[in-house]
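Q: With the input below, show me the fold.
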Amino acid sequence: MATRELDELRKQLETLQRSHDTLLKSLTASNGSFGPSDVPRLRRNATQRGDAVFADTSTLSDDSSDDEDDFFVQSELPSQSFDHEHLREHLRTHNWDEHGRDILASLVSDPAKLSKQPHLFHLGPGPADDRSHYSHFQVYDVGPDGVPQLVEVSSADNTMSKATEIWHSLRDIGTSSEKPISGRITVAREPSPVLFGALHLTLHNTFDMDELFRHLVRTEASSAHMFRAFQEDPRHRRTFFFTFEYYTIIGDDCKPMQWQNADRVTSSSDSHIPLSRCGAVVALALFDENPRRVRNRARRSKTNYGFVSDMWSPYQVLQLECFPDWKSTPINGNPYTFENGHRYLNGPEAFLHALLTEYRDARKRYDEIYRQITELVTPPLGFLFDEEARRKRLFEDKNFTWTRRYFYAHQALGNVNDSIKAMIDAFEDTFTDDVWEGESKTLWPLYEESPRNDHWKRRLRILRLQFEREMKELRVLQRENNERRHEIETLQEQLFSGTSIQESRKSVELADVTVHQGYNIKVLTIVNLFFMPLTFVTSIFGMTNMPAEPAPYWPFAITLVAICVPFFSIIGFLSTKYGYHVWATKTRQLWRWLRPKPKAEEETQTEYTGVARKNRSMSTEEENDMFAANTKPYHLPADATWFITGCSSGIGKALAQHIASKPSHRLIATARNPSDLSYLPDNSTNILKLALDVTSPDAVSCAFKTSAEQFGTIDVLINNAGYALSGDTESATEAESHDIMETNFFGTVRSTTAALPLMRDGGRGGLIMNISSVAGVCAFPGHAFYHASKHAVEGWTESVAKEVSQDWDISFCIVEPSAVKTNFEGHSKKNTAPQPAYADPKMPARMLQRYVDAGLKQGAGMEPDAVARVLYEVASKGEKIPLHLPLSMNAFGLIKGQFDVRLRALDEVKEISASLN
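A: As a prediction, this is how the structure comes out:
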């Protein structure tokens, strides 16, 4: 007895040691990717691991001796069974929506044929017309011990088709009494239409399969749908799912689904990468017969209560993939995710493993796209030694080969980065700290402290590290894509420069040809000068009565000298500039002698010096009259809808609070982080709080669409989002300079162009206030890119204000405040790295910074509430809106001083300017 106990203890000790070593290895690998200096190494490892993304997932969780049998889900999954006729009836009678019809088009388009068809599945082994032989399914039944067992229906003498085998593995759950089933995991890759129908039949009572099909067909970004406890549909309350939407390179012999966006040309070449939109759904359902009732504390909620299923309930996991490639098939002997002997505690753990596999698969596909696009645009190794290859890259051909290739590569990498960002955002917005700690109220909460829950949290911690590693890998890939895009932009500029120089040289060559043609014409003209007089003389002389022969030819000579020579001499003289000037002057003098002018009018005439030109330049007064802005008073509606960006602090926050205090007005308040809008009430029907990143065109479009659906129109737009970039201009990076323009200028452009159609079509006009600054008129050292962004806002706004029709009643206002007591020196201001050449305290930027710091310490600046009050008064007083609105006497003085200096400078160069009139 003692020997047996000793052996058991020894085995437990060995198991603990293996788990400890594995945990240390996982922690070291994960933490090793956090340092910035290791990023290049991490990226190279990620691209060289081959199929390492399918490594044994037993390293992801702690299979220690704590894994008592009662830690695993013990309840049985509800049984079900279907047959062939059930499937036929379901396909024929189910109320398919448009997305389901897109997926099952070949089956449901002809119900009569569906009823008459004896067999829905292809019979016999071998290729099938519906390509079902390419479908790959794995169905696992998970017992109370947590071990997934593959459901196999084939045998050595099997004569069934691939689709029939899959159908037999799907149709029954728990009908065999051999072993109880606590969970089922279904992995479906590239299903054919009939297998999509089989999935819909067998799982439509578990998941809302119509909803999952809709997310597969729609072209949208990756997203998470995990917090659904307060949904009305019971299936929604117990299910959780992620959708993945991104891109992949079409594999050999693969064909995208008919509803997927894909290249028509699916073959690879030196100048083409066959891409396809691809998608996947990872879903979890928990079968809790007695879910916990929770109160919905949201103030604008439609339901008062919801239901949260116990995470230790029986479960089903669905991993549905539509990828026209072979990337999901592991190589080098690596097992599939659920075939490595790992034991799964519950449904959420199996779901997380499937989710992690999808993220790793996505990274593998992104790596391949990056590699092939790099090959597409990168010169070959022999580029330095091949003059013809260099010439092709430097000068564009008649088919614009390289222009199109660079454009394609640049845009493709940009779209890939957008997909990566959506995937990262979906994960990080869902799995917050409270979810990982089991403290979330609606997503897998842990209600008590117990060994089982403690063991689950240990597993979660290691899974979390693996997910964070994947997020960092994806961010590294984003950065590499951006670097490659910058390289492509450089190649585009070099191609443009080389082609422009080539075209210029061709223009010079054509000019030389034109000059030579002019010489030829001159020669022909000289020849004509000798030939035409003879012809002319002959004609004139032929008109005379020439005597019969033998008569002398002296009359011909007299005619030539007396008529032809003077005539052509006059023509030659008038062809010169001097001759034309003499002729024009004498002709005018003759005309004035014949018809003299009054004496008073003569005194005002000046001597003729050439052809006078009319002054066709437009005066400032004429321009202002023709292109006036804000010509009509603006009347703010009593129920005006205000859309304000950048409401997290400062002017935007103060203005949002001011508008929220007006009961009849409606407010759309936006910020990058919606939690920054917590100062606004949640239960008001007149307030809509939105997350908005003005650098994202899709986010801006979505925000205005949501606002229009909520309130119908927008009356006042306040473009307040922005920040400052301070520091030495030479030290600013390309990314920093582009980012501030994207936020301050292009963010204003996106919001304004999105609001204009709503104001124009709404029939009530509108008011657009763009928050500029004194920096939009003046310029100070150390803020070059901030000034550039605000000057751009001023010029662009003034142009648009003069561009819109005054009949639309849309007014513009450029607000130019001086210092405001906001968190501008905090999160609203970024600083570039210092440049040593400008470190001297006597440099202008250093002196200005000391002046600004001193002013901040003394509390200089306007109160945001006062600014908000003035802006509201300007909008609501029913008068014409000023196009430029300096706020504070400090701003007024600085701007006026700037204009005074400019006027004096204009006077100094007036003579130079006038010399070119």
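Q: What segments of the stretch 601-750 of the chain are strands?
A: Using DSSP state E, counting those that start in this stretch, the strands found in the stretch 601-750 of the chain span residues 641-644, 666-671, 687-691, 716-719, 724-726.
Q: And for the stretch 101-250 of the chain?
A: Here the stretch 101-250 of the chain has its strands, by DSSP E, counting those that start in this stretch, at 136-142, 148-150, 172-173, 183-189, 223-225, 239-249.
Q: Could you chop this structure up by domain?
A: The record's domain parsing of the chain by automatic domain parsing lists 35-60+220-326+335-487, 78-203, 636-914.
Q: so how far is Glu798 from Glu879?
A: To Glu798, Glu879 is 20 Å away according to C-beta to C-beta, to the nearest Å. Where you see a C-beta, it was placed from the backbone N, CA and C, and this is true even at glycine.
Q: Of those two, which one has the most company?
A: When Glu879 is set against Glu798 and neighbours are counted by other C-beta atoms under 10 Å, the residue ahead is Glu798, at 17 against 11.
Q: can I assume the more buried one is in contact with Val804?
A: No: the pair Glu798 and Val804 fails to qualify as a contact (C-beta atoms under 8 Å) at a distance of 11.7 Å.
Q: What is the burial count for His122?
A: Neighbours of His122 (other C-beta under 10 Å): 21.
Q: nearest residue to it other than its sequence neighbours?
A: Excluding the flanking residues, the one nearest His122 by C-beta to C-beta, 6 or more residues apart in numbering is Ala128, at 3.7 Å.
Q: Show me which residues of stretch 489-497 are buried.
A: Buried positions in stretch 489-497, judged by neighbour count with 16 or more other C-beta atoms under 10 Å: Leu491, Gln492, Leu495.
Q: Mind listing residues that contact that stretch?
A: Stretch 489-497 has contacts (C-beta atoms under 8 Å, 6 or more residues apart in numbering) with Val377, Arg393, Leu394, Phe395, Glu396, Trp402, Thr403, Tyr406, Phe407, His410.
Q: what about 10 Å?
A: Here stretch 489-497 makes contact (C-beta atoms under 10 Å, 6 or more residues apart in numbering) with 377-379, 393-396, 400, 402-403, 405-407, 409-410, 734.
Q: Closest one of those to Tyr305?
A: His410 (51.2 Å; C-beta to C-beta).
Q: rewinding a little: taking the buried residues of stretch 489-497 one by one, which sit in strands?
A: Judged by DSSP state E, strands contain none of the buried residues of stretch 489-497.
Q: quick one on the thing from earlier: could you dump the strands of the stretch 101-250 of the chain to a markdown table with distance to Glu473, mean neighbour count and mean pLDDT?
A: Formatted as a markdown table, the strands of the stretch 101-250 of the chain follow (distance: least, C-beta to C-beta, whole Å; neighbours: other C-beta atoms under 10 Å; pLDDT from 0 to 100):
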| stretch | distance to Glu473 | mean neighbour count | mean pLDDT |
| --- | --- | --- | --- |
| strand 136-142 | 26 | 22 | 91 |
| strand 148-150 | 27 | 17 | 91 |
| strand 172-173 | 37 | 18 | 87 |
| strand 183-189 | 23 | 24 | 93 |
| strand 223-225 | 19 | 19 | 94 |
| strand 239-249 | 15 | 23 | 93 |
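Q: Adding distance to Arg595, write the ones you listed out as TSV.
A: Listed next are these as TSV, based on distance: least, C-beta to C-beta, whole Å:
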stretch	distance to Arg595
strand 136-142	101
strand 148-150	112
strand 172-173	113
strand 183-189	98
strand 223-225	87
strand 239-249	82
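Q: What average pLDDT does the host helix or strand of His410 get?
A: If you go by DSSP states H and E, His410 is part of helix 401-430. Regarding helix 401-430, the rounded mean pLDDT is 90.
Q: again, but for stretch 633-642
A: Average pLDDT, stretch 633-642: 92.
Q: again with stretch 567-586
A: Mean per-residue pLDDT for stretch 567-586: 73.
Q: Check stretch 892-899 too.
A: Averaging pLDDT along stretch 892-899 yields 88.
Q: who's in contact with Leu195?
A: So Leu195 contacts Phe121, Asp130, Ser132, Ser135, Phe137, Lys162, Ala163, Ile166, Trp167, Leu170, Ala188 (C-beta under 10 Å, 6+ apart).
Q: if we can go back for a sec, flag every buried residue along the helix holding His410.
A: Neighbour-count burial for helix 401-430 flags 402, 405-406, 408-410, 412-413, 416-424, 426-427, 430 (criterion: 16+ other C-beta under 10 Å).
Q: Report the angle between that helix and strand 687-691.
A: 120 degrees (axes from the mean of the first three to the mean of the last three C-alpha atoms, to 10 degrees).
Q: And the strands of the stretch 101-250 of the chain: which comes nearest His215?
A: For His215, the closest of these is strand 239-249, at 4.4 Å, according to C-beta to C-beta.
Q: can you count the residues close to the residue nearest to His122?
A: By the criterion of other C-beta under 10 Å, Ala128 has 19 neighbours.
Q: measure it to His455 for me?
A: Between Ala128 and His455 the distance, using C-beta to C-beta, works out to 46 Å.
Q: Kindly report the same for Phe467.
A: 19 Å.
Q: now swap in Cys813 and tell me
A: As judged by C-beta to C-beta, Cys813 and His455 stand 62 Å apart.
Q: Ok, Val867 next?
A: Distance, Val867 to His455, by C-beta to C-beta: 56 Å.
Q: Please compare these two by neighbour count and tell me which comes out ahead.
A: Taking other C-beta under 10 Å, Val867 and His455 do not tie; Val867 has more neighbours (23 against 18).
Q: how about that one, phi and psi?
A: Per-residue torsions, Val867: phi -60, psi -40 (degrees, to the nearest 10).
Q: Pretty sure it sits against Val815.
A: Yes: between Val867 and Val815 there is a contact at 8.3 Å, judged by C-beta atoms under 10 Å.
Q: joint contacts of those two?
A: Common neighbours of Val867 and Val815 (criterion: C-beta under 10 Å, 6+ apart): Ile651, Ile771, Leu887.
Q: Next one: the first one from Lys821, what distance?
A: When C-beta to C-beta is the yardstick, Ile651 and Lys821 sit 10 Å from each other.
Q: neighbour-wise, which of the two wins?
A: Higher neighbour count among Ile651 and Lys821: Ile651, with 25 against 16, using other C-beta under 10 Å.
Q: Just send the domains of the chain back as CSV, with distance to Arg592 too.
A: Converted to CSV, these look like this (distance: least, C-beta to C-beta, whole Å):
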stretch, distance to Arg592
domain 35-60+220-326+335-487, 61
domain 78-203, 86
domain 636-914, 31
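Q: Show me the one of these that comes nearest Ala562.
A: Nearest to Ala562 among the domains of the chain is domain 636-914 (53.7 Å), distances taken as C-beta to C-beta.
Q: ok, back up a step: for Ile651 and Lys821, list the residues in contact with both.
A: The contact sets of Ile651 and Lys821 overlap at Met862, Pro864, Asp865, Val867 (C-beta under 10 Å, 6+ apart).
Q: Tell me which entries of those residues lie within strands.
A: Reading strands off these, I find no matches (DSSP E).
Q: Lowest-confidence member of those, which is it?
A: Ranking the shared contacts of Ile651 and Lys821 by pLDDT puts Met862 at the bottom, with 86.
Q: contacting residues for that residue?
A: Neighbouring residues of Met862 by C-beta under 10 Å, 6+ apart: Ile651, Pro817, Ser818, Ala819, Val820, Lys821, Thr822, Val870, Leu887, Ser888, Asn890, Ala891.
Q: any idea how far Ala775 is from Met209?
A: When C-beta to C-beta is the yardstick, Met209 and Ala775 sit 56 Å from each other.
Q: Equivalent analysis for Trp444, please.
A: The gap separating Trp444 from Ala775 is 50 Å, by C-beta to C-beta.
Q: who has more neighbours, these two?
A: Trp444 (24 against 21).
Q: list the contacts for the more buried one?
A: With C-beta under 10 Å, 6+ apart, Trp444 has these contacts: 226, 240, 284, 286, 308-312, 346-348, 351-352, 435-436, 438, 456, 460.
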